[in-house]
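> Structure here, sequence nowhere to be found:
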Ligand SMILES: NC(=O)C1=CN([C@@H]2O[C@H](COP(=O)(O)OP(=O)(O)OC[C@H]3O[C@@H](n4cnc5c(N)ncnc54)[C@H](O)[C@@H]3O)[C@@H](O)[C@H]2O)C=CC1
Ligand SMILES: CC(=O)N[C@@H]1[C@@H](OP(=O)(O)OP(=O)(O)OC[C@H]2O[C@@H](n3ccc(=O)[nH]c3=O)[C@H](O)[C@@H]2O)O[C@H](C(=O)O)[C@@H](O)[C@@H]1O
């Protein structure tokens, strides 16, 4: 996730504080892709910031001045005055506690709020009266009220709304998008109590240049976050459905999308493997809450079904193309380029490329991988393949461009072709390359 902080540091600017006239103490609970940049941003505007996490190793690494997210930089972390700690007693010193813990789904694809509940218990045990607790984690509408607040009350013995306060404010920054980091995207803040709403909105206005949008309830703010991701999942699902249909019809999907894209209100999405912590997850948070009221959001769930099937569709396409090019599957080799969950990021944790790899391996295909962003050793272990630190196409029969990092635009297809066996193919999952150019380099070209 882009933080907007690295620019200054990369150009050697010295850390400067931008005092904003508030000097409260803020404790950020959960120092991941969301919590760490948030802590560093508040530190930069001269707030006293405690960064609390249960992961001792992470706290040790951060305390040594190492950026554990890859989104900031070591210099930014080293230069911050954030107090990194795994001691929950430090929460006592906080005027504001901002909770940014994970909210995954369980194996039944239901919301798993264990981290939120646990954080609520820990914060409740240590917070003092008049503390304001802001939940940033993506949850279903009503979770702050029905899960976090009761955990805080139970552990503290205090009464929410009288002796402590809660608000909700989702993180909306996009990983890998330098233009849409924490400071650049309007921050939504929701609270029932108008005074709490104004106070928390004012606090965020210290760090969010794009400003704050206020909602009159916790639920409206919670819902605004999940529906952003539901909408995105739906739009991508439409692209995937069109791509599968046009592949069968024999129409070039990208040519269709390029033509349709000349209409001012045609939305720009591309087919692909829909990974990440949020887009594949948040629709289930919305559906869960809706079903509680007896309404099944069929369109939302159908979009999930379409996107969830994409790894299977891509691997079938790869196997079919291997066969069409005259290869024996069990004697074939395929190089998969791009292993992270989306282009130009280093996060492999929720990549859907592994589903494509697994199916090819089931048919005996020898699969190798390369990704300029992902750590080769870590990724080899995670994906169960040999991940190269430099791309080699020796004796390969095909290339699957699974995650189209920008750097692959300059892929030397002639050099790759030289190393490969006869009649090679290139499967361009997201349709990023120019089909005619790829064919001109001697490849059979396929895309989703
Ligand atoms: N990663 C992203 O780009 C975005 C994530 N979000 C949402 O933000 C939330 C956090 O996501 P990430 O930062 O990616 O998660 P993450 O997994 O990167 O970091 C979460 C951190 O919380 C810590 N943690 C877990 N339980 C804890 C507890 N009880 N007390 C203290 N620390 C605890 C973990 O050790 C970890 O360091 C999720 O709800 C996610 O949906 C929203 C927008 C963007
Ligand atoms: C509505 C929205 O843009 N949400 C963003 C999203 O970030 P995230 O990196 O998870 O999502 P993403 O960039 O849409 O990518 C998700 C997955 O979908 C794929 N993808 C994306 C766009 C597209 O046209 N086709 C496609 O296949 C990507 O390759 C990736 O595998 O989810 C983030 C979050 O909530 O964690 C959120 O903060 C971000 O703003």
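Looks like it arrived, so ask away. Owing to the predicted nature of the structure, the values given are computational and were not obtained by experimental measurement. Ligands and ions are numbered 1, 2, ... in the order given.
> Up against ligand 1, what does the protein have?
Contact residues (Cβ under 6 Å from any ligand atom) of the chain with ligand 1: 1, 29-35, 52-55, 58, 100-103, 115, 118-119, 122, 137-138, 171, 173, 175, 277-278. Placement of C-beta: from N, CA and C, glycine included.
> So which of those belong to helices?
Residues of those located in helices (DSSP state H): 35, 58, 115, 118, 119, 122.
> Name the member of the residues you listed with the most neighbours.
residue 119 (27 neighbours; other Cβ atoms under 10 Å).
> That residue touches residue 100, doesn't it?
No: using Cβ atoms under 8 Å, residue 119 makes no contact with residue 100, being 9.0 Å away.
> Touching both of those two, which residues are there?
Residues touching both residue 119 and residue 100 comprise 29, 30, with contact defined as Cβ atoms under 8 Å, 6 or more residues apart in numbering.
> Out of the ones in helices among the residues of the chain next to ligand 1, which is nearest to ligand 2?
Closest approach between those and ligand 2, by Cβ to the nearest ligand atom: residue 35, at 12.7 Å.
> Quick check: closest non-adjacent residue to that closest one.
residue 100 (3.7 Å; Cβ to Cβ, 6 or more residues apart in numbering).
> Quick check: that neighbour touching residue 32?
Yes: using Cβ under 8 Å, residue 100 is in contact with residue 32, at 6.7 Å.
> Pick out whichever of these two has more residues nearby.
residue 100 (25 against 18).
> Tell me, how many residues neighbour residue 208?
Counted with other Cβ under 10 Å, the neighbours of residue 208 add up to 21.
> Averaged pLDDT, the host helix or strand of residue 286. What do you get?
Assigned by DSSP states H and E, residue 286 belongs to helix 282-292. The average pLDDT for helix 282-292 rounds to 98.
> Show me what whatever helix or strand comes next after it is packed up against.
Toward the C-terminus, helix 282-292 is succeeded by helix 298-308 as the next helix or strand (DSSP H and E). With contacts taken as 3 or more Cβ pairs under 8 Å, 6 or more residues apart in numbering; DSSP states H and E, helix 298-308 sits against helix 218-249, helix 282-292.
> Please see if the helix or strand that comes right after helix 298-308 touches ligand 2.
Note on helix 298-308: by DSSP H and E, the next helix or strand toward the C-terminus is helix 310-324. No: residues of helix 310-324 are not located near ligand 2 by Cβ under 6 Å from any ligand atom, the shortest gap being 8.0 Å.
> Buried residues of helix 310-324, list them for me.
Using 16 or more other Cβ atoms under 10 Å as the test for burial, helix 310-324 gives 310, 311, 313, 314, 315, 317, 318, 319, 321, 322.
> any idea of the angle it forms with helix 218-249?
Orientation check (axes from the mean of the first three to the mean of the last three Cα atoms, to 10 degrees): helix 310-324 against helix 218-249 gives 20 degrees.
> Tell me which stretches of the stretch 1-150 of the chain form strands.
For the stretch 1-150 of the chain, strands defined by DSSP state E, counting those that start in this stretch occupy the ranges 25-29, 48-52, 83-85, 96-99, 132-135.
> contact partners of the second one?
Identification of contacts with strand 48-52 by Cβ under 8 Å, 6+ apart yields 23-31, 35-36, 39-40, 42-43, 59, 62, 80-88, 90-91, 93-94.
> run the last query once more with 7 Å
Defining contact as Cβ atoms under 7 Å, 6 or more residues apart in numbering, one finds that strand 48-52 is touched by 23, 25-29, 31, 39, 42-43, 62, 82-86, 88, 90-91, 93-94.
> before we move on, the earlier item: and the helix holding residue 286, what does it pack onto?
Counting by 3 or more Cβ pairs under 7 Å, 6 or more residues apart in numbering; DSSP states H and E, the packing neighbours recorded for helix 282-292 are helix 218-249, helix 298-308.
> Relative to ligand 2, how far out is the closest residue to ligand 1 within the chain?
The nearest approach of the chain to ligand 1 comes at residue 32, 1.8 Å away (Cβ to the nearest ligand atom). Distance of residue 32 to ligand 2, given as Cβ to the nearest ligand atom, to the nearest Å: 11 Å.
> what mean pLDDT would you report for stretch 223-239?
Taken as a whole, stretch 223-239 has a mean pLDDT of 98.
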